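**Q** Let me see the structure of the following:
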Amino acid sequence: MSEITGPNEALPPAIQLDEPPRIPPPPQGFYPPPSAPVLQPVPFEDPEAFPGFWSRVGGMFRMVFSNPLEIFDRVPVTEGLGAPWRFLLLLSAPVFLIMALVFFFVGMGIMLAALEQSGKGDTKAIAAVMPVIFGAILLLMPLFAFLGMVIGGAFNHFFLWMWGGLKPGVGTQQSIRAYGYASAFIQLGGLVPILGSLIQIAGLVVIGMGLARMHKTDTWRGVCAVLTPFFLLCCCLVPLLIMAVPALAALGHR
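**A** Sure, this is the predicted structure:
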């Protein structure tokens, strides 16, 4: 028969389960590193923070005047070429209007003067055609803006690759998006009297710095990538000008 413990006998010790290992407390003066802040999209693509259209446009201007390079940090948060294209189209509208008006008045004046000297009476037909050309330029403005954004951004991405500045994770689309937003402000700044050319040159340098920051590479690589197309263009134009001077001189002696 099994033995039954009496009321005065000690019970056997209970089986203790394994306790989880204790993590030692951190030493005094130790603070965990803060987590990286979550970046928001650029204001033009952030309807939650900026519900209204013009408030988003104003947010872009505030960012540019406070910290222009922050645009290049926020651009990779979202994707798509539609938003930067619309913003570029919005800010480049005054530039296209001025160019179209200049083309309209100057071109019409030259053609009418040539017709008067030749003695032809087609001035009414020319006057009727010029508004059509003016309207066609305005209709093609969105296409010109889109092509300029894509070609300019792709060139910057390509030349940054040539200078060894591309990093994995940031593709050609993000370079095009960043160029679209930045070039919109540069085109608008080019309308400032006297300072327009300086603003455009400084804007190109800022684009190079921003691309370097977005691709996490050296600043000089980004600046060189942006300025390389202009150096190549100058190298191609100088021989053409040297060849054109004797030809123009020969025509002048005739």
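**Q** tell me what the host helix or strand of Cys235 is packed against?
**A** Under the criterion of DSSP states H and E, Cys235 resides in helix 219-253. Secondary-structure packing of helix 219-253 (3 or more CB pairs under 8 Å, 6 or more residues apart in numbering; DSSP states H and E): helix 123-162, helix 196-214. For every residue, glycine as well, the C-beta is placed using N, CA and C.
**Q** low-scoring stretches of this protein, by residue?
**A** Along the chain, the parts satisfying pLDDT under 70 run over 1-37, 104, 106-131, 244-254.
**Q** Go again with 80.
**A** 1-39, 95-139, 167-169, 236-254 (pLDDT under 80).
**Q** circling back to that earlier point, closest to Arg74 out of the helices and strands packed on helix 219-253?
**A** helix 196-214 (9.7 Å; CB to CB).
**Q** Wait, Leu227 touches Ile201, no?
**A** No. In this structure, Leu227 is not within contact of Ile201 by CB atoms under 8 Å, at 9.3 Å.
**Q** Settle it for me: which of the two has more neighbours?
**A** Per other CB atoms under 10 Å, whichever of Leu227 and Ile201 has more neighbours is Leu227, with 16 against 13.
**Q** For the more buried one, list the residues it contacts.
**A** Contacts for Leu227 (CB atoms under 8 Å, 6 or more residues apart in numbering) come out as 204-205, 208.
**Q** how near is it to Val205?
**A** 8 Å (CB to CB, to the nearest Å).
**Q** ok, now Pro51?
**A** Where Val205 is concerned, Pro51 sits at a distance of 34 Å (CB to CB).
**Q** neighbour count winner among those two?
**A** A direct count of neighbours by other CB under 10 Å for Pro51 and Val205 places Val205 higher, at 14 against 9.
**Q** Identify the residue spatially nearest to that one, adjacent ones excluded.
**A** Excluding the flanking residues, the one nearest Val205 by CB to CB, 6 or more residues apart in numbering is Val223, at 5.8 Å.
**Q** Around that neighbour, count how many other residues there are.
**A** 19.
**Q** Make 22 the starting number, not 1.
**A** Got it, the first residue is 22 from now on, which makes the last one we talked about Val244.
**Q** is it true that it touches Met230?
**A** Yes. Taking contacts as CB under 8 Å, Val244 lies within contact range of Met230: 6.5 Å.
**Q** distance between stretch 99-118 and the chain's centre?
**A** Relative to the chain's own centre, stretch 99-118 is displaced by 10 Å; criterion: CA atoms, centre = their mean, to the nearest Å.
**Q** Before I go, just wanted to say thanks for your time.
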